[in-house]
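Asker: Below is the structure, and that's it, no one-letter string:
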């Protein structure tokens with residue numbers, strides 16, 4: 001998917017950065033600091049993304065607004081999701097291929113929820129806010145979005161199987177209970 005030179009560059013970066021996130025050199029020791037770094041790294045990217053969108057799609061007409069939201073959903077959303085999952089995995093000391101595999105495994109769940117949240121948020125962003133406040137507004141919305149991303153990223157597969165087995169055991173217990181007959185009144 002990546003050109004050969006791009007892939008080689010990413011592999012080289014991985015080996016230079018990896019020692020900073022392992023053993024005694026671990027710079028980012030908890031989830032909050034990793035989320036902070038991931039969020040700060042997206043700010044400049046979003047700033048220039050919105051400048052580009054405003055230059056290509058000028059105005060606030062419904063047709064222009066729809067194009068901006070659609071392009072944002074089709075281009076920026078998958079890119080930023082990939083940035084998040086791969087970046088968090090690299091900061092946790094995992095490899096680039098493990099991050100890519102996790103992103104691919106969780107992409108459709110991430111992307112479906114993304115379509116529920118971001119089109120409305122971006123429509124408000126592009127229609128009501130001036131360009132200088134867009135990143136601040138998006139960062140405010142991102143507070144809740146990052147909570148979901150953190151849940152999605154760290155959700156354990158064993159939790160899902162435990163919940164499934166717990167619900168099936170409750171169902172089997174209900175089936176085993178004898179049916180109760182209504183009490184008949186004394187006549």
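Answerer: Done, it's in. Keep in mind that what you see is a predicted model, and the values were worked out from it rather than measured.

Asker: How about residue 109: what's its closest non-neighbour residue?
Answerer: residue 152 (6.6 Å; C-beta to C-beta, 6 or more residues apart in numbering). Every residue, glycine included, has its C-beta placed from N, CA and C.

Asker: separation between the one you found and residue 146?
Answerer: Separation of residue 152 from residue 146 (C-beta to C-beta, to the nearest Å) stands at 10 Å.

Asker: Repeat that for residue 105.
Answerer: As judged by C-beta to C-beta, residue 105 and residue 146 stand 19 Å apart.

Asker: repeat for residue 39
Answerer: Distance from residue 39 to residue 146, by C-beta to C-beta: 7 Å.

Asker: Show the contacting residues for residue 135.
Answerer: Shown in contact with residue 135 (C-beta atoms under 8 Å, 6 or more residues apart in numbering): 43, 46, 47, 50.

Asker: Now, of those residues, which are buried?
Answerer: 46, 50 (16 or more other C-beta atoms under 10 Å).

Asker: ok so, going back, who's more crowded, residue 105 and residue 146?
Answerer: Counting neighbours by other C-beta atoms under 10 Å for residue 105 and for residue 146 shows that residue 146 has the greater number, 16 against 11.

Asker: So that one is in contact with residue 42, correct?
Answerer: No - counting by C-beta atoms under 8 Å, residue 42 is not a contact partner of residue 146; they are 10.1 Å apart.
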